[in-house]
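# A predicted structure for the sequence below; I have some questions about it.
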Amino acid sequence: MAKRPVGPIALSIMLTTSLALAAPAARAEEFDCVINPALTLKIGSPIITTLSSVEVKRGDHVKRGQLLAQLDSGVEAADLALADARARSTSEIDRDRSKVDLTSADLARGESLLQDKNIPPQKVDELRTNYQVARQDLVTAELNKHLAELEFARSQALLLQRMIRSPVDGTVTQVLLGPGEYVHQDNPILIVAVISPLYVEAYPSVRLWDSIHLGDKGQVTMAEPVGATATATVTAVDQVFDAASGTFGVRLELANPDGALPAGQRCRLTFERMASGPVR
């Protein structure tokens, strides 16, 4: 049977199809990942005491510096009031300043009388000594006032230790203690998670180690019910492999400024395969 001649249009289509079949399709690597909080903090107390109140509840969003809980602080509040009264008082300084003025005037009169020989020199020496002692008493009074101000600052710091404040912007995930319970260093009061940003943790095969670099972008597809897809940036690539599983760790940072995306969920991470390059 004679072959039908091939026209230019048909030949073009055949060549295009042949090239498309011959060219390898771009592959994308996809693997499991987990979305975690950027930081999880167990908020406790620096001192051993009892808990007076908890100002937040589970699920609350808190800001840095926000009051989370208060410890028993009756003694510290009383000490602060006493230190404040001492720091404000100027009676000792006023008294010793009056003594300095009085002894200074006595010394001036004595020296004037001594010029006319109406007073023995020993009396002038006594007046001069009284003036010097009065001046030293004034210096001591001023020092005592400064120490009282420092004691006030110390008492204020001790009272502030009784107020537990959030060190970060985050979300309260657990409240572990309530009012009246005993608090110590190994017994946290509550747990706060930082969810802005989120960290995406993945463990790709070691054969991809030379294809993933700091700053690379990855597509993160979250599991249901969220089901959203977002772009994350590689911020850490482990330099130590897990020999047992043949994987290495990769961390990506996922922006979550409004806290809309929840942490603690599974996801799928996709990287477009990069051409093999020299080993780093």
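Structure received.
# so how far is T103 from T129?
9 Å (C-beta to C-beta, to the nearest Å). Any C-beta I mention is one placed from the backbone N, CA and C, and that applies to glycine too.
# try K42
Note on K42: its distance to T103, by C-beta to C-beta, is 62 Å.
# picking up where we left off before, higher neighbour count, T129 and T103?
Taking other C-beta atoms under 10 Å, T129 and T103 do not tie; T103 has more neighbours (20 against 12).
# can you point out the buried residues in the longest strand that the chain contains?
Across the chain, the strand with the greatest residue count (assigned by DSSP state E) is strand 28-43. Neighbour-count burial for strand 28-43 flags 29, 33-38, 41, 43 (criterion: 16 or more other C-beta atoms under 10 Å).
# counting by contacts, list what it packs against.
Packed against strand 28-43 by the contact rule (3 or more C-beta pairs under 8 Å, 6 or more residues apart in numbering; DSSP states H and E) you find strand 170-175, strand 190-202, strand 217-222, strand 265-272.
# show me how far it is from its chain's centre.
In terms of C-alpha atoms, centre = their mean, to the nearest Å, the centre of strand 28-43 is set 20 Å apart from its chain centre.
# hmm, L158 is touching A77, no?
No. Between L158 and A77 there is no contact under C-beta atoms under 8 Å: 9.9 Å.
# the two: which is more packed in?
In this view L158 and A77 are compared by other C-beta under 10 Å, and L158 has more residues nearby, 17 against 13.
# contacts only, for K117.
By C-beta atoms under 8 Å, 6 or more residues apart in numbering, no residues touch K117.
# hmm, which of the buried residues of strand 28-43 is lowest in pLDDT?
pLDDT across the buried residues of strand 28-43 is at its lowest for E29, which sits at 73.
# near R97, how many other residues are there?
Other residues close to R97 by other C-beta under 10 Å number 17.
# for it, which non-adjacent residue is closest in space?
Nearest residue to R97 in three dimensions, chain neighbours excluded: L138, at 5.8 Å (C-beta to C-beta, 6 or more residues apart in numbering).
# what number of residues lie near that neighbour?
20.
# which stretch of helix or strand covers it?
Using DSSP states H and E, L138 sits in helix 121-160.
# among the helices and strands packed on strand 28-43, which is nearest Q70?
Set against Q70 and scored by C-beta to C-beta, the helices and strands packed on strand 28-43 come closest in strand 190-202, at 12.7 Å.
# can you give me the angle the closest one makes with strand 265-272?
Interaxial angle, strand 190-202 versus strand 265-272 (axes from the mean of the first three to the mean of the last three C-alpha atoms, to 10 degrees): 30 degrees.
# list the buried residues in strand 190-202.
190-202.
# residue contacts, E76?
By C-beta under 8 Å, 6+ apart, the contact set of E76 is 155, 158-159, 161-162.
# can you redo the residues you listed as CSV with distance to L176 and pLDDT?
CSV is the format used below for the contacts of E76 (distance: C-beta to C-beta, whole Å; pLDDT from 0 to 100):
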residue, distance to L176, pLDDT
S155, 29, 90
L158, 24, 87
L159, 24, 87
Q161, 19, 85
R162, 18, 88
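# got TSV for those, with distance to L252 too?
What follows is these, written out as TSV (distance: C-beta to C-beta, whole Å):
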residue	distance to L252
S155	48
L158	43
L159	43
Q161	38
R162	40
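# of those, grab the buried ones for ChimeraX.
With 16+ other C-beta under 10 Å as the criterion, this ChimeraX line picks the buried residues out of the contacts of E76:
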select :155,158,159,162
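# from the contacts of E76, which is closest to L67?
R162 (10.9 Å).
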